[in-house]
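[1] mind looking at a prediction? Sequence and model below.
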Amino acid sequence: MTPARPQRPQVGRLLAGQALAGSIIAVLALLTSGEAAGMSALSGALVCLLPNAYFAWRAFRLRGARLAREIMNGFYRAEAGKFGLTVALFTLVFVAVPPSNPAFFFGAYVVVQCVHWLGFWLVRTGSRT
């Protein structure tokens, strides 16, 4: 009998939850304060969501005990790339398209980031049996 291959975590649900939270905040900002506030909230949500999606794509490419060193190196590279992408997106947003309402921009960023607290329920891992 061959040992079962480890399953990759299903982070798509976490990313979908972040996208849903960002969309809800953007729609609420649009309805309460207008189009400019909605665009500020949407850009804040995207500044948080895109680096998280990059991290998930880079970090969970490898699996298996034989590749433990490569997996850890992949996590470090993914985290460094996520940080760099976050800095680049913040710079791009504030230089190219300054948010008209920074409160909605940072509010959406924080709400999307806080969805990670729900990761325990949103991310499914494979069965251990």
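    Thanks, I have it. Numbers count the residues shown, from 1 in each chain.

[2] could you point out the longest helix of the chain?
    Ranked by residue count under DSSP state H, the longest helix found in the chain is helix 68-96.

[3] which of the residues in it are buried?
    Ile71, Gly74, Ala78, Gly81, Lys82, Leu85, Thr86, Leu89, Val93 (16 or more other C-beta atoms under 10 Å). C-beta coordinates here come from the backbone N, C-alpha and C atoms, glycine included.

[4] got TSV for these, with distance to Leu28 and pLDDT too?
    Formatted as TSV, the buried residues of helix 68-96 follow (distance: C-beta to C-beta, whole Å; pLDDT from 0 to 100):
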residue	distance to Leu28	pLDDT
Ile71	39	77
Gly74	37	82
Ala78	31	89
Gly81	31	93
Lys82	27	93
Leu85	26	96
Thr86	24	95
Leu89	22	95
Val93	20	92
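
[5] put together TSV for those, with distance to Gly34 on each row.
    Formatted as TSV, these follow (distance: C-beta to C-beta, whole Å):
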residue	distance to Gly34
Ile71	46
Gly74	43
Ala78	37
Gly81	35
Lys82	32
Leu85	29
Thr86	27
Leu89	23
Val93	19
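
[6] which one of those residues is nearest to Leu15?
    For those, the residue nearest Leu15 by C-beta to C-beta is Lys82; the value is 12.9 Å.

[7] does the closest one touch Ala53 like I think?
    No. If you go by C-beta atoms under 8 Å, Lys82 and Ala53 don't touch, sitting 9.4 Å apart.

[8] Gly89 and Tyr109, how far apart?
    Check again: residue 89 is Leu, not Gly. 10 Å (C-beta to C-beta, to the nearest Å).

[9] list residues touching both of these two?
    Val47 (C-beta atoms under 8 Å, 6 or more residues apart in numbering).
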